[in-house]
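Engineer: Build me a structure from this.
(one chain, ligands or ions: 1)
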Amino acid sequence: MTCPDPDRVHHGVFAIIASVLASAGIAWAADGPRSVTVEACTTCHGPGGISHGTMPTIAGMDSETLAEVLLAFRDGSLESTVMGRLVGPLSDEDIAGIAAYFAALPGADQ
Ligand code: HEC
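Structural biologist: Below you'll find the model as predicted:
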């Protein structure tokens, strides 16, 4: 691996999202989409799914709502910058499992 030429690196939020996406992609590749770890989600949505930044908190959401949102990101009926690409390789079972996981976690107000 060589470092990218700094002159050719675009600065700003998009570059940050792109680099986070790249590291999430490494997690996908290492485990395969089916055994996707929820850690990839917490990279952006905060530890335990509770966000302390501008990302939405996903912990404690209703599991059905969560699964519906993820399926809508996957089929493109819900517009997204990154989520559609992230959940693209996931199966219905992956999505159901991820939804159940974050639904079972305590939300931000608990
Ligand atoms: C690269 C950062 C990133 C990662 C990784 C990521 N998300 Fe997201 N997520 C976003 C962004 C940004 C949005 C806002 C929609 C958009 O533009 O994609 C979002 C939106 C969402 C929403 C909608 C929340 C709401 O209230 O509108 C859910 C649910 C969600 N993500 C779940 C997940 C799950 C589950 C994972 C792991 C499979 C995950 N996210 C991984 C960045 C990320």
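
Engineer: How about the contacts made by P106?
Structural biologist: The contact partners of P106, taken as Cβ atoms under 8 Å, 6 or more residues apart in numbering, are G48, A59, G60. The C-beta positions use only the backbone N, C-alpha and C, and glycine is treated the same way.

Engineer: Apply 6 Å and report the result again.
Structural biologist: Neighbouring residues of P106 by Cβ atoms under 6 Å, 6 or more residues apart in numbering: G60.

Engineer: quick thing: my sequence starts at 353, can you match it?
Structural biologist: Noted, 353 is the first residue going forward, which turns the last one into P458.

Engineer: Could you check how far it is from E416?
Structural biologist: Here the criterion is Cβ to Cβ, to the nearest Å. By it, P458 lies 18 Å from E416.

Engineer: try G405
Structural biologist: As for G405, its distance to E416 is 26 Å (criterion: Cβ to Cβ).

Engineer: swap in A456?
Structural biologist: On the measure of Cβ to Cβ, A456 and E416 end up 13 Å apart.

Engineer: any common contacting residues for those two?
Structural biologist: Contacts common to A456 and E416, judged by Cβ under 6 Å, 6+ apart, are absent.

Engineer: Can you show me the helices along the chain?
Structural biologist: Assignment of helices within the chain using DSSP state H yields the ranges 365-383, 391-397, 415-427, 435-439, 444-456.

Engineer: Pull up the residues of the protein that are close to the ligand.
Structural biologist: 369, 372-373, 376, 392-393, 395-397, 407-408, 410, 418, 421-422, 432-435, 438, 450, 454 (Cβ under 6 Å from any ligand atom).

Engineer: Check those for burial and list the buried ones.
Structural biologist: Buried subset of the residues of the chain next to the ligand (neighbour count, 16 or more other Cβ atoms under 10 Å): 373, 376, 392-393, 396-397, 410, 418, 421-422, 435, 438, 450, 454.

Engineer: With that, I have no additional questions.
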